[in-house]
Every structure is written in C-alpha cells, then in structure tokens.
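Colleague: next one to model:
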Amino acid sequence: MRRQPTPHLMALVLFAALGFTACNNSAPTSSAPSPDETIAAAPASSDSPANADAGEISIRYLEAQIRRNPEDFIAHNKLAVYYLQRARETGEANYIDLAGRAAQASLDILPAEINTEGLAALIRFENATHDFTQARDHARELVALKPDKSESFALLGDALLELGDYTEAARAYARMEQLTGDDSATAVTRLARQAFLRGNLDAAQEYLSTAVTRLARSPSSTPEPRAWAYWQLGEIAFARGDYATAERHHREALKIFDYFQATAALARTRAAQGDIPAAIGLYEQATRRFPDPSAIAGLGDLYQLTGREREAQAQYKLVEQIARLGQPDTQQGNESNAGLYNRQLALFYADHNLKPDEAYKLAAREYEARQDIYGADALAWTALKAGKIAEAQTAIRQALKLNTQDARLFYHAGMIALRAGDTDAGRAYLSRALKLNPHFDMMQSSIARTTLESLEPEKNQ
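Modeller: Just a heads-up that it's a prediction; the model follows:
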C-alpha cells in the first residue's frame, strides 16, 4: 500500500535535508487527492527573489500543466522534486505535504512498475518525513526495478543509514559509487556523511570539498545545494573545535543562500568563540525564520547564561510546544509523523534535567524503530537521567561503536562511566570530549569541564 501524505506536517521541515546534525513511520492509504488539492496550497516564497525565481517559476508552470492535464504523471513527478527542494530552501511545511501529494498522485496514475520516478519521489518524501522503514522498503523495490541506476542505491543507502543498518548502507553506497559519474555531487555528499559517522573527519571534509567544486562548475546547480555543502563543511570544522574555519564556511554558505540552518550554526560557532551577544542575535534571526527546537533551546541556553531567566523559560516552553506538534494525530488514526521530534525533545529534557521518565520513554520508543548510533546515544543519556545505569552503559556502547568523532557522545560516555563508578573511564571520555571540541555545547561543555576539574584532586591523591 502506498503511503498518503498527512495534513499534520507543521513540525516536519528542518530535518528533511538529513544533514550531519542529525539530526527521524506507515499510514493507511485513502483516496488520492485531486489535482487541484495537490497544487492549491503552494505557499508564497519566503526567501529572496533571486533564490526563489527559478524554482517558483518551474513550480507554477508544472502546476498549470497539471490543471490542464491532471493525468500528466511526469509533471507530478517533477513537481514533487521541486516542492522538496523549496522545503529545504524555505522551511515552509506546506511544500513537504505537497511533495507527498504529488508523488502519490503520480503513482495513482501509473503504478511503480512503469513509473519508477514516481516511486523515487515517494521515497524522498518518506525520507523527508523520517518514515525510514517505508523508505527502505520502497527503495528496495526501486532497486529491483532499476538495478542499473545509482539513484536507486543512493535512496536505499539513505534509509538504511538512518535506520542504523550501517553495513548494508555501505554496500548500497558502494554500488551507488560504481554507477555514478565523476561529476556527481550528490554521491560524494552521501559518502561524506558515511565517513563522518565512521569517525573519518578528513575524508568527510574531502568529500564535501569535492561536492562544492562539482556544484560550482555545474551549469544546472542551484544555490541551495552549494550552501548546504558549505554549511556541512562548517559542521565538520566545528566538530573538530576549529571555530574560525567553521565560521568561515558558515558565512560562505550564507553568501550563497539565505540558509536558516547556516544561520543557527553560525550562532553556535560565535557562542563557542565567546561572542554571546552576536550568537543571541543570530539565534533570534534563525528562529524567526524557522522554529527548530534545537536552535530554540540553544537560544534559551544563551538567555540563561546571560541572566535572562524569563526569556530562557519562554524558549524552553516553546521547545516543548513545537515538539508536541510532531506527535501522532490519534483521533485521525494517523501515526505517519508520530514522534518526529521525539529524539530532540528527549535530549532537551535530559540536558536540562526535566521529566527524566518521559525523556527515557521518548528515546526508547524512538530507538525501537530506528537503531542508529544517535538513537542509542539518546537512549543512553536519558537512561542515565532516569537512573537506569546498566541500560545507559549498554546503549552508550552502541552509540560509540563506529568511533564517530562527536564530543557530545564522549561527554555522555564520560558522565555515564562516572555514575557507574568507573572514574578512570569517565575522566578519559570527558578529557576526550573537551580536547576534540572544547565548546561543543555552551551548557553541557561547562558541566563537562567542571566535572573533570572536580576529579583532578582524586587523581593526585
């Protein structure tokens, strides 16, 4: 059964791009929307005209084409691609919903067996809405139908990677690479993500630099993918604690495209360099553009650090309100977007010592469906806060299994080791976190540093 897009998608947009900061479900099929339903709700562009014109012109042309010929499945397929691109560019939730409707309309006109582009569009929508199990199953179907196309294996690898099936994802990406031409930027960005997860920051940086070069020389390249690649280069530099380089890449991204993700990343980078007023201003700018829970929490933390307690609490309350928008609509019997922000909310609660039992339940529910390393990390961190030390130890081992170079993972491992009574391991992990990225999080890195300093007298006794 093909999945129908849902109307309750306000909370979906930020992680449609599936970047490194990761940083994620099947519904009954009802009758397909009419062509007018598919195209009627396209939002007005919210970014600069220079960036918006080409995509918006294409969308309006295709929408008009479908009005003239509702059975034009090719136009539906192209429209789905453009809608998802605009979702990445603007953060407008309606675009993702429309992409799903367009993909479904195409498949209702012609089945996947003779409409593989429609199936590929549906898989992209499912990945964007974090329905990775459905995306994986449909991608396997696409591989069977189109085993000679690199895109089939790329989409399969994407879903497998997010589900934590790293061995099979690597196989899919290896086949993708074999089938891909030398000028493909999308292939190397996927290889960059895989390299990052496996702890090879140099390779991830090299792949992303290659992507930037290929996109720059491609006559058909639009600004957003290049901005995305620079943003991710900045994230690699930030992960290493190289804040000056991170800032340079984030600013380069923003020169190319007014990218709200890059604005939030630049805010975090400025905070790491001690420029809290600038960081607050950038976070405020980013969250006005798109209310991402992680950015809102980051802004709240900076308010807290600067004594603006009332404003901090308002931001923390907003994190919960937005995260709740991603909960399933049980009255409609629809769970396709169930718990989109479960992981972020669980980590927010754990970081701020709030609702430990609820945080643990959210993380555990997420991990049942998606057993990737960051799901294991969320489970470990919330288990620690809920007093489930043995479970935290088991989960953090899973989180560390790829040797991912992420200071937050090492920080969590250190705090768990200390609670379990292993002072030497705790000290080693906290030292590793702070050496790798001294200001990985303005609140949590301070806790790590204070905790490590408190252990030094023990070491010298």
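
Colleague: from here on, contacts and neighbour counts on C-alpha atoms
Modeller: Fine.

Colleague: could you list the domains of this structure?
Modeller: Using automatic domain parsing, the domain ranges for the chain come out as 1-130, 181-276.

Colleague: which residues in the stretch 351-461 of the chain form helices?
Modeller: 356-369, 373-385, 389-399, 407-419, 423-436, 444-460 (DSSP state H, counting those that start in this stretch).

Colleague: now do the second one: distance to the chain's middle.
Modeller: It refers to helix 373-385. In terms of C-alpha atoms, centre = their mean, to the nearest Å, the centre of helix 373-385 is found 17 Å from the chain centre.

Colleague: next one: the last one
Modeller: Mean-position distance between helix 444-460 and its chain equals 32 Å (C-alpha atoms, centre = their mean).

Colleague: hey, C-alpha coordinates of it in PDB?
Modeller: Output of helix 444-460 as PDB, limited to C-alpha atoms (Å, rounded to 0.1, in the frame of the first residue of the first chain):
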ATOM      1  CA  GLN A 444      27.000  20.900  28.600                       C
ATOM      2  CA  SER A 445      30.600  21.600  27.900                       C
ATOM      3  CA  SER A 446      30.700  23.800  31.000                       C
ATOM      4  CA  ILE A 447      29.300  20.800  33.000                       C
ATOM      5  CA  ALA A 448      31.900  18.500  31.500                       C
ATOM      6  CA  ARG A 449      34.700  20.900  32.400                       C
ATOM      7  CA  THR A 450      33.500  21.400  36.000                       C
ATOM      8  CA  THR A 451      33.100  17.700  36.400                       C
ATOM      9  CA  LEU A 452      36.600  17.000  35.100                       C
ATOM     10  CA  GLU A 453      38.100  19.600  37.300                       C
ATOM     11  CA  SER A 454      36.400  18.000  40.300                       C
ATOM     12  CA  LEU A 455      38.200  14.700  39.500                       C
ATOM     13  CA  GLU A 456      41.700  16.200  39.500                       C
ATOM     14  CA  PRO A 457      42.100  16.100  43.300                       C
ATOM     15  CA  GLU A 458      41.200  12.400  43.200                       C
ATOM     16  CA  LYS A 459      43.900  11.800  40.600                       C
ATOM     17  CA  ASN A 460      46.600  13.500  42.700                       C
END
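
Colleague: report the buried residues of it.
Modeller: Buried residues in helix 444-460, counting neighbours by 16 or more other C-alpha atoms under 10 Å, are found at 444-445, 448-449, 451-452.

Colleague: the nearest residue to E113 once chain neighbours are set aside: neighbouring residues, count only.
Modeller: With sequence-adjacent residues excluded and distances taken as C-alpha to C-alpha, 6 or more residues apart in numbering, E113 is closest to L145, at 6.9 Å. When counting by other C-alpha atoms under 10 Å, one arrives at 16 neighbours for L145.

Colleague: surely L145 touches N115?
Modeller: No: using C-alpha atoms under 8 Å as the test, L145 is too far from N115 to be in contact (9.7 Å).

Colleague: can you find the helix or strand of this protein with the lowest average pLDDT?
Modeller: helix 35-39 (a mean of 34; mean pLDDT, DSSP states H and E).

Colleague: I'd like the next helix or strand past that one.
Modeller: helix 49-68 (DSSP states H and E).

Colleague: next secondary structure element downstream of that next one?
Modeller: helix 73-90.
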